[in-house]
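Visitor: Need a 3D model of the sequence below.
(2 chains)
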Amino acid sequence: MKRAIPVLALSVAGLVPVWIYSPGAAHEGEINEVAAAPTQEQQQTQQQTVPQTTGSAPKTTGSAAPKTTQQQQQQTTQQQAQNRTVSGPAVNTSEGTVQVQVTLQGTKIVDVKALRAPNSEPTRMALPLLKQSALKAQSADIDTVSGATATSDGYKKSLQAALDGAQ
Amino acid sequence: MSVRRVEHIMGLPISVDLRDGDAELAERAFAWLREADAQFSPFKPDSEVSRLDRGELTREELTPDLVEVLSLCDWYEESTGGAFTARVPGRGLDPCAVVKGWAVQRAADMLREGGATTFCVNAGGDVVTAGEPEPGKPWRVGVRHPDLADQLSVVLGVRDGAVATSALYERGQHILDGRTGQPVSGILSVTVFSDDLAIADTTATAAFALGRDGIEWAAAQEECEVFIVDEDRRVFSSPGLPVHIC
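Guide: Okay, the predicted model is just below:
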């Protein structure tokens, strides 16, 4: 038991930098948001990481309207109460050091951020925001088909041709 | 009055299902698509694209439409680190990947400007919809299963929107990774839902050209929801994808 106390103390001491460490993304206060609607702050992060993409986007977007600082702070306070974050170990890979931070709501993972990724600022990872499932085949009543075909031979045999001829 | 018509333009079967417009309005949209083909096809020697490629036109002499198309090509090329490109080394300028979605979106805009509110345009599997085919119901857009031509992998419910799919079964062998010049691999099909077909179609093609990296890249694109099937038959889909429960 006596030995456990310094171990525990050291563990807590080790966690302190993790708590103090606040990557840019942690201030956003919109942990549950999907990547499709980044805040202004996030966009700035992306611009730093991948220069000359977001800035020269072909289309301006209304959906990415930045939130006010006050709203962000309120959300941050609320979500800090519900969510907890856990940082993984720093792992050396052939591409560089990677460290990941997971945000949990209860036992559910709601977000994953890379605290450290090769050649980049702390950034949001898009992949965990995608739902993963197994491919299924189905037939259903539909109005049109995406991915039908690009060739005329293929078209003649396609579902879309059947739909076009159906009316 | 409703019109249903199919015509092959730009090498694609283009279907128009117009629920509240006449044949004249549909013809206006098809006429524009034929014009776009004449102007932007790299396979027609007198097209603006071919003339630019032969050096007969300077950048200053280009029409605003071609400038727009080329700037879209440039943006996606930059965003994908060159995996998507309209200028594959050793080949002529080929902006087809952008032109298709861009021109079909404009055809849909023309139908809207002509007063139509309810229609579905399908150009070789890339779809623009407007309104509701039945009150309270969206257009049901089936996404073709990558292995089974007569089956679907998901059905999307779309009112005013666009859905594009780029897939191995369709023309995958012809999509090269601009970074390596090699045919792409890793992904079987990429479906993108967006407000605008130019965005949806180019995002789908560019993601496909990126191979496995395209999954994350496409998911991060603004205003795009994705449905991607990889070689291991795993499906990656955005939480915001408008999946239609049949």
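Visitor: Hmm, residue B:150 is touching residue A:145, no?
Guide: No. Taking contacts as C-beta atoms under 8 Å, residue B:150 lies outside contact range of residue A:145: 10.1 Å. (C-beta placed from N, C-alpha, C; glycine too.)
Visitor: Next, count neighbours for whichever residue of chain B sits closest to chain A.
Guide: Going by C-beta to the nearest C-beta, chain A is nearest to residue B:165 of chain B, at 3.1 Å. When neighbours are defined as other C-beta atoms under 10 Å in any protein chain shown, residue B:165 has 29 of them.
Visitor: any idea which helix or strand carries it?
Guide: Per DSSP states H and E: residue B:165 is located in strand B:161-167.
Visitor: can you list contacts of that strand?
Guide: A:146-147, B:101, B:105, B:125-129, B:141, B:143-144, B:146, B:156, B:172, B:175, B:188-197, B:199-201, B:203-205, B:207-208, B:242 (C-beta atoms under 8 Å, 6 or more residues apart in numbering or on different chains).
Visitor: Name the strands paired with it and say parallel or antiparallel.
Guide: strand B:126-130 (antiparallel), strand B:187-194 (antiparallel) (DSSP bridges).
Visitor: Give me the mean pLDDT for the longest one.
Guide: By that I understand strand B:187-194. Over the span of strand B:187-194, the pLDDT mean works out to 96.
Visitor: Going along the chain from that strand, find the next helix or strand for me.
Guide: Next along from strand B:187-194, by DSSP H and E: helix B:197-209.
Visitor: what does the shortest one give?
Guide: Towards the C-terminus, the helix or strand next in line after strand B:126-130, according to DSSP H and E, is strand B:139-144.
Visitor: Each with direction, which strands does that following strand pair with?
Guide: Strand pairing for strand B:139-144, determined by DSSP bridges: strand A:144-146 (parallel), strand B:152-158 (antiparallel).
Visitor: what's the span of stretch B:135-144 from first residue to last?
Guide: With C-alpha to C-alpha, to the nearest Å as the measure, stretch B:135-144 spans 26 Å from end to end.
Visitor: now that stretch, how far from the centre of its chain.
Guide: Centroid displacement of stretch B:135-144 relative to its chain, using C-alpha atoms, centre = their mean, to the nearest Å, is 18 Å.
Visitor: what do you get for stretch B:75-92?
Guide: On the basis of C-alpha atoms, centre = their mean, stretch B:75-92 sits 17 Å off its chain's mean C-alpha point.
Visitor: With stretch B:64-80 instead?
Guide: Stretch B:64-80 sits 14 Å away from the centroid of its parent chain (C-alpha atoms, centre = their mean).
Visitor: Say whether chain A is contacted by it.
Guide: Yes. Stretch B:64-80 reaches chain A (C-beta under 8 Å from any C-beta of the partner chain) through B:71, B:72, B:75, B:78, B:79.
Visitor: what's the residue closest to the geometric middle of chain B?
Guide: Residue closest to the average C-alpha location in chain B (C-alpha atoms, centre = their mean): residue B:201, at 2.9 Å.
Visitor: how far away is that residue from residue B:139?
Guide: 17 Å (C-beta to C-beta, to the nearest Å).
Visitor: ditto for residue B:176
Guide: Distance check for residue B:176 against residue B:139: by C-beta to C-beta, it reads 33 Å.
Visitor: Run a quick neighbour tally on residue B:149.
Guide: Here the number of neighbours of residue B:149 (other C-beta under 10 Å) works out to 16.
Visitor: Strands along chain B, start to end?
Guide: With strands called from DSSP state E, chain B shows them at B:3-9, B:12-18, B:119-123, B:126-130, B:139-144, B:152-158, B:161-167, B:187-194, B:225-230, B:234-237.
Visitor: May I see those arranged in TSV, with distance to residue B:215 as well?
Guide: Shown next, in TSV, are the strands of chain B (distance: least, C-beta to C-beta, whole Å):
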stretch	distance to residue B:215
strand B:3-9	32
strand B:12-18	26
strand B:119-123	25
strand B:126-130	20
strand B:139-144	16
strand B:152-158	15
strand B:161-167	13
strand B:187-194	7
strand B:225-230	5
strand B:234-237	5
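Visitor: closest to residue B:61 out of the ones you listed?
Guide: strand B:3-9 (25.9 Å; C-beta to C-beta).
Visitor: Quick check: can you name the pairing partners of the closest one and their directions?
Guide: Next to strand B:3-9 in the sheet, as set by DSSP bridges, lie strand B:12-18 (antiparallel).
Visitor: low-confidence ranges in chain B?
Guide: With pLDDT under 70 as the threshold, chain B has low-confidence stretches at B:170-174.
Visitor: Phi, psi for the most far-flung residue of it relative to its centre please.
Guide: Using C-alpha atoms, centre = their mean, the residue of chain B lying farthest from its centre is residue B:56. It sits 28.7 Å away. The phi/psi pair for residue B:56 (degrees, to the nearest 10) reads phi -80, psi -10.
Visitor: any idea how far residue B:62 is from it?
Guide: For residue B:56, the distance to residue B:62 - C-beta to C-beta - is 11 Å.
Visitor: do the same with residue B:9
Guide: Taking C-beta to C-beta as the measure, residue B:9 and residue B:62 are separated by 22 Å.
Visitor: if I look at the residue of chain A found nearest chain B, how far off is residue B:214?
Guide: Chain B sits closest to residue A:147 of chain A, with a gap of 3.1 Å, by C-beta to the nearest C-beta. Using C-beta to C-beta, we find residue A:147 at a distance of 15 Å from residue B:214.
Visitor: Looking at these two, which has the bigger crowd around it?
Guide: For residue A:147 versus residue B:214, neighbours defined as other C-beta under 10 Å are more numerous around residue A:147 (32 against 28).
Visitor: thinking the more buried one is in contact with residue B:141, fair?
Guide: No. Using C-beta under 8 Å, residue A:147 is not in contact with residue B:141, being 9.9 Å away.
Visitor: joint contacts of those two?
Guide: Here residue A:147 and residue B:141 share no contacting residue, scored by C-beta under 8 Å, 6+ apart.
Visitor: and the residue of chain A closest to chain B, what does it touch?
Guide: Contacts for residue A:147 (C-beta under 8 Å, 6+ apart) come out as B:125, B:143, B:144, B:165, B:166, B:167, B:169, B:170, B:189, B:191.
Visitor: which residues does residue A:85 bridge with?
Guide: Per DSSP bridges, the residues bridged to residue A:85 are residue A:103.
Visitor: ok, now residue A:138?
Guide: Under the criterion used here (DSSP bridges), residue A:138 is bridged to residue B:152.
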